[in-house]
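Colleague: next one to model:
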Amino acid sequence: MVELKLEHRDLDAAIVRLQLDPDADELAVKRLKKRKLQLKDCIAKMESSLIPDEPA
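Modeller: Purely as a prediction, here's the structure:
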């Protein structure tokens, strides 16, 4: 999970750099944002699976 969090952070930094570049490829930015969102969802699922279910 640590690797996923690092990749998520790195993607965030890459997106910021690309958005500052007026010549940046918008499609590349969108792809990075999509990957970042996929990582976020994956991390959230992994973290929620670590929390034990409470009996009703």
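Colleague: middle-most residue in the chain, spatially?
Modeller: Nearest to the mean C-alpha position of the chain, by C-alpha atoms, centre = their mean, lies residue 36 at 2.6 Å.
Colleague: am I right that that residue is in contact with residue 8?
Modeller: Yes - using C-beta atoms under 8 Å, residue 36 makes contact with residue 8 at a distance of 6.0 Å. Yep, even glycine has a C-beta here, placed from its N, CA and C like the rest.
Colleague: so which bits of the longest helix seen in the chain are buried?
Modeller: Ranked by residue count under DSSP state H, the longest helix found in the chain is helix 26-50. By neighbour count on 16 or more other C-beta atoms under 10 Å, the buried set for helix 26-50 is 32, 36, 39.
Colleague: which secondary structure elements does it contact?
Modeller: Contacts defined by 3 or more C-beta pairs under 8 Å, 6 or more residues apart in numbering; DSSP states H and E place helix 26-50 against helix 2-20.
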